[in-house]
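Participant: Provided below for reference: sequence and predicted model.
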Amino acid sequence: METSIVGQRELIRQMIIGLLGNGHLLLESLPGLAKTRAVKSMAKHLDTQMRRIQFTPDLLPSDITGTEVLHQQGGQNIFQFQPGPIFGNVILADEINRAPAKVQSALLEAMEERQITVAGTTHAMPDLFIVMATQNPIEQEGTYPLPEAQLDRFLMKVLVDYPDKESEISVLDLVRSEEVPAGVGGPSAPVVKIAPEHVFEARKQIHAIHVAPAIKQYVIGIIDATRHPAAYDKDLATLIQIGSSPRGGIALDRTARVNAWLEGRDHVTPDDVRATAHAVLRHRLILSYDAGAEGIEADTVIDTILERVAVPA
């Protein structure tokens, strides 16, 4: 992936954590920072089917889930289910906050229960199924902020920042090389694809990663600090209105195990928990009016929580 996504190593790592952690990702950044390109790059290297859904204000729920279509067979009218673009392996939900809440909610059942229900019939999603949604944080006109219930279903919220100057020079060279057609001096190397079975095997190994009781207490301590901040810091209590749900603790445990597996360890350390805490919690905290007035963001609050919660020895 780094051959086509330059200067975004942290983004690539977070995407891999989401894939191996069997969770959905929300990618947020300014336009042009390779969010869509990164998702396409991951899908290109997986032996799977990618579906892109461009969210717009005129989109309907059935445009995502599919609908019952009338067919004639043997002189009889029969309704048959026509699957929508949600039936894929890697789903790119581009500019997800451009569509109304009714359309956004069409993803809820698919994301949480890996199935959708149309006309009273339940249809299961593929075994390998991950939603990677993108959104732009600055253009608010004509957008519909995601409800908290849907945000909570994303395993992580990944913030994408500008690349450094050296990486951006490499981006210029990369784009220029891609303008040359393959076979005429352009890139023509075969793409190596990873079979879904390898992803499933990695998930089995990650499931077996050992999490000591002290690490579990540490994870829950971080979650508890978002719910009862006054017990950890009196100033912190003025910044958090609503803390993380139990999904936050589950996600933190899962992503910490993935991080440990990527580092080649068979057990989770406090550093693994801290490495993924921001991406797991930043969209699960509802900050207070005071925090907004002072310009304090969720990552700053999470930094304070990580400082206040005791790290197990």
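Facilitator: Cool, got the structure.
Participant: mind jotting down where the helices sit in the chain?
Facilitator: With DSSP state H, the ranges of helices along the chain come out as 9-20, 35-44, 61-65, 101-104, 108-113, 148-151, 165-178, 196-207, 213-227, 246-262, 270-281, 289-293, 298-308.
Participant: closest to Thr121 out of those helices?
Facilitator: For those, proximity to Thr121 was assessed by CB to CB; helix 61-65 is nearest, at 11.4 Å. In this view, the C-beta of every residue, glycine as well, is placed from N, C-alpha and C.
Participant: give me the contact list for the closest one.
Facilitator: Ile53, Gly84, Pro85, Ile86, Lys102, Val103, Ser105, Ala106, Leu107, Ala110, Ile116, Val118 (CB atoms under 8 Å, 6 or more residues apart in numbering).
Participant: how close does the first one get to Leu151?
Facilitator: Using CB to CB, to the nearest Å, we find Ile53 at a distance of 18 Å from Leu151.
Participant: how about the fifth one?
Facilitator: Applying CB to CB, the value for Lys102 to Leu151 is 17 Å.
Participant: between the helices of the chain, which gets nearest to Leu236?
Facilitator: Across these, closest to Leu236 is helix 298-308 (CB to CB), at 5.5 Å.
Participant: mind putting the helices of the chain in TSV, distance to Asp94 included?
Facilitator: Listed next are the helices of the chain as TSV, based on distance: least, CB to CB, whole Å:
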stretch	distance to Asp94
helix 9-20	15
helix 35-44	6
helix 61-65	12
helix 101-104	13
helix 108-113	16
helix 148-151	16
helix 165-178	20
helix 196-207	23
helix 213-227	30
helix 246-262	23
helix 270-281	20
helix 289-293	28
helix 298-308	24
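Participant: how about these, which one is nearest Asp235?
Facilitator: Per CB to CB, nearest to Asp235 of the helices of the chain: helix 298-308, 7.9 Å.
Participant: tell me what the closest one is packed against?
Facilitator: Other elements packing on helix 298-308 under the criterion 3 or more CB pairs under 8 Å, 6 or more residues apart in numbering; DSSP states H and E are helix 213-227, helix 270-281.
Participant: got the buried residues for that helix?
Facilitator: Of all the residues in helix 298-308, those buried under the rule 16 or more other CB atoms under 10 Å are Ala298, Val301, Ile302, Thr304, Ile305, Leu306.
Participant: next: stretch 30-37.
Facilitator: For stretch 30-37, burial by neighbour count (16+ other CB under 10 Å) applies to Leu33, Ala34, Lys35, Thr36.
Participant: more neighbours: Lys102 and Leu151, which one.
Facilitator: Just comparing Lys102 and Leu151: by other CB atoms under 10 Å the higher neighbour count belongs to Leu151, 15 against 11.
Participant: now the residue located most distally from the centre of the chain: how far from Phe81?
Facilitator: In the chain, the greatest distance from the average C-alpha position (CA atoms, centre = their mean) is reached by Gly75, at 46.9 Å. Relative to Phe81, Gly75 is positioned 21 Å away (CB to CB).
Participant: list the buried residues in stretch 2-18.
Facilitator: Ile5, Val6, Gly7, Gln8, Leu11, Ile12, Arg13, Gln14, Met15, Ile17, Gly18.
Participant: same question, stretch 287-297
Facilitator: Leu287, Ser288, Ala291, Ile296.
Participant: pretty sure the first one sits against Asp299.
Facilitator: Right, the one you point to is Leu287. No - if you go by CB atoms under 8 Å, Leu287 and Asp299 don't touch, sitting 10.9 Å apart.
Participant: got any ranges where the stretch 1-150 of the chain has weak pLDDT?
Facilitator: The stretch 1-150 of the chain contains residues with pLDDT under 70 at 139-142.
Participant: quick one, strands of it?
Facilitator: Ranges of strands in the stretch 1-150 of the chain, per DSSP state E, counting those that start in this stretch, are 24-28, 50-54, 66-73, 76-83, 90-94, 115-118, 121-124, 130-135.
Participant: strands paired with the fourth one, and their directions?
Facilitator: Spelled out, that is strand 76-83. Strand 76-83 pairs in its sheet with strand 66-73 (antiparallel), by DSSP bridges.
Participant: now swap in the first one and tell me
Facilitator: When pairs are called by DSSP bridges, strand 24-28 turns out to pair with strand 130-135 (parallel), strand 154-159 (parallel).
Participant: orientation of the last one relative to helix 246-262 in degrees?
Facilitator: Same thing as strand 154-159. Strand 154-159 runs at 70 degrees relative to helix 246-262, counting by axes from the mean of the first three to the mean of the last three CA atoms, to 10 degrees.
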